[in-house]
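*Asks:* Quick one: sequence plus predicted model below, questions after.
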Amino acid sequence: MSDNKDRDKALEMAIGQIEKQHGEGTIMKLGDEATKDVPSISTGSIMVDYALGIGGVPRGRVTEIYGPEASGKTTLAMHVIAEAQKEGGYAAFIDAEHAFDPRYAKNLGINTDELLVSQPDSGEQALEITETLIRSAALDVIVVDSVAALVPRAELEGEMGDSHVGLQARLMSQAMRKITAIINKTKTSVIFINQIREKIGVMFGNPETTSGGRALKFYSSVRIDIRRIGSVKNSGDVVGNRTKVKVVKNKVAPPFKQVEFNIMYGEGISRMAEILDMAVEFDIIEKRGSWYRYGGEPIGQGSENAIEFLESDPELTENIEQQIRAEMNPQKADEEEQTDDEEDNDDESDSDDE
């Protein structure tokens, strides 16, 4: 017993010394406070939020979005920026590819007047800007587009054809070591967009890999694989892409969930099509043959007509979306309902006092 008391006292003194040197909350027992939900920023897609398990990309963590060309990587990241701005947050876009389109960003709901945009000259400059913005603790989300375009300064200053083996991988490894700890303290969500490369000489297994070495794979809390799987047609014309997202790594919720949704040209993720698909999946909207019904009443024959009906009735659409989110996260819905009941009871008691 005396040994345990001595050990407890020694541990208490050590914790006190650590907190004195490095600040309160540097070290704690997991049981000291209840495990809190990981805060997140919505992706603007109900389906991707559902696949991620926490309602969006996690704050204070690194997220990697990768996939083939023209698969919707930047579109998804831009939707995250738009959602962060809707909540009153600030965002930055590090445009290493020098391909940012302000008009398309506006179409996705981004307030371009408030968006910070940087087009760095080198990989080092891009990552230094990112680190400074994270340290400011003023930003909610930072998007780096893309890792493949983060060219080291030595490569830019060298001759064409010079060999710079592993230079970009070392740069990314050093950057990730520096920024991950700060990100967690400032609760900034950092999204790295990445491209796919082919491994040479792979006979078995998947030959695909991402650029920038292995550091980003290790330090990312969430990795999202996004791919175009088909076309969306309207009266014979191709008006968008059918897209599949797979959460290949997830440290904040169960991984490996897959979802499919539409990305419309010039508009981004089709919210109405997602609401319709999710409502059918959760039996909120009934589908018999080609007919869609809500509450026993027909709302359209074929998905195009059903989507048009939802677009014409925003109040109904909002109601259906709330039901979907309640099905996706029943625990949160119960908590919100309990909070509403408590507020109603408080209002009633106040009126009784008067």
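*Replies:* Yep, it's here.
*Asks:* show me what contacts Q168?
*Replies:* G123, L150, V151, P152, E155, S211, G212, G213 (C-beta atoms under 8 Å, 6 or more residues apart in numbering). All C-beta spots, glycine's among them, are computed from the backbone N, C-alpha and C.
*Asks:* does the fifth one sit in a helix, a strand or a coil?
*Replies:* Just to be clear, that refers to E155. Look at E155: counting by DSSP: H, G, I helix; E, B strand; the rest coil, its state is helix.
*Asks:* What is the burial count for it?
*Replies:* E155 sits with 15 neighbouring residues when counted by other C-beta atoms under 10 Å.
*Asks:* just checking, it touches V165?
*Replies:* No - using C-beta atoms under 8 Å as the test, E155 is too far from V165 to be in contact (10.8 Å).
*Asks:* which element is R228 on?
*Replies:* strand 222-234 (DSSP states H and E).
*Asks:* Can you give me the buried ones in that strand?
*Replies:* Under the neighbour-count criterion of 16 or more other C-beta atoms under 10 Å, strand 222-234 has V222, R223, I224, D225, I226, R227, R228, V232 buried.
*Asks:* which other helices and strands contact it?
*Replies:* strand 62-67, helix 73-86, strand 237-250, strand 258-264 (3 or more C-beta pairs under 8 Å, 6 or more residues apart in numbering; DSSP states H and E).
*Asks:* now the buried residues of strand 222-234 in CSV, with pLDDT and distance to S45?
*Replies:* Formatted as CSV, the buried residues of strand 222-234 follow (pLDDT from 0 to 100; distance: C-beta to C-beta, whole Å):
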residue, pLDDT, distance to S45
V222, 96, 14
R223, 97, 17
I224, 98, 11
D225, 97, 15
I226, 97, 11
R227, 96, 15
R228, 96, 15
V232, 89, 15
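*Asks:* What degree of burial does G44 show, as a neighbour count?
*Replies:* Count around G44 with other C-beta under 10 Å applied: 24.
*Asks:* next one: L139
*Replies:* Neighbours of L139 (other C-beta under 10 Å): 20.
*Asks:* Name the SS class of it, please.
*Replies:* coil.
*Asks:* So that it lines up with my notes, have the first residue be 56 from now on.
*Replies:* Sure, I'll start numbering at 56, so the last one becomes L194.
*Asks:* before we move on, the earlier item: let me know which of the helices and strands packed on strand 277-289 is tucked in deepest.
*Replies:* Each of those was scored by mean neighbour count; the highest is strand 117-122, a mean of 26, by mean count of other C-beta atoms under 10 Å.
*Asks:* strand partners of it, parallel vs antiparallel please.
*Replies:* Applying DSSP bridges, strand 117-122 is found paired with strand 244-253 (parallel), strand 277-289 (parallel).
*Asks:* ok now the longest one, how far from the chain's centre?
*Replies:* Think strand 277-289. 16 Å (C-alpha atoms, centre = their mean, to the nearest Å).
*Asks:* Would you map out the domains in this structure?
*Replies:* Structural domains annotated on the chain: 95-212+219-323, 325-388, as defined by the TED database.
*Asks:* Using a markdown table, please lay out those domains together with distance to T81.
*Replies:* Listed next are the domains of the chain as a markdown table, based on distance: least, C-beta to C-beta, whole Å:
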| stretch | distance to T81 |
| --- | --- |
| domain 95-212+219-323 | 10 |
| domain 325-388 | 30 |
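*Asks:* deepest of those domains, which one?
*Replies:* Among the domains of the chain, the stretch with the highest mean neighbour count (mean count of other C-beta under 10 Å) is domain 95-212+219-323, at a mean of 18.
*Asks:* can you pull the contacts of L331?
*Replies:* By C-beta under 8 Å, 6+ apart, the contact list for L331 reads I340, Y347, S358, A361, I362, L365.
*Asks:* Ignoring the adjacent residues along the chain, who's closest to the fourth one?
*Replies:* I take that to be A361. Nearest non-adjacent residue to A361, counting by C-beta to C-beta, 6 or more residues apart in numbering: G355, 3.7 Å away.
*Asks:* Wait, a strand at the one you found?
*Replies:* Yes - per three-state DSSP, G355 lies within a strand segment.
*Asks:* is it in a bridge, and if so with what?
*Replies:* Legend: beta-bridge partners of G355 under DSSP bridges are Y347.
*Asks:* what about stretch 138-151, distance to the chain center?
*Replies:* Per C-alpha atoms, centre = their mean, the centroid offset for stretch 138-151 relative to its chain is 12 Å.
*Asks:* Which residues outside it are in contact with it?
*Replies:* Where contact means C-beta under 8 Å, 6+ apart, the residues beyond stretch 138-151 that reach it are 96-99, 111, 133, 136, 155, 164-166, 169-175, 178, 181, 184-185, 188, 193-201, 204-205, 244.
*Asks:* and that stretch, average pLDDT?
*Replies:* The pLDDT scores in stretch 138-151 average 97.
*Asks:* What separates the first and last residues of it, distance-wise?
*Replies:* End-to-end distance for stretch 138-151, by C-alpha to C-alpha, to the nearest Å: 22 Å.
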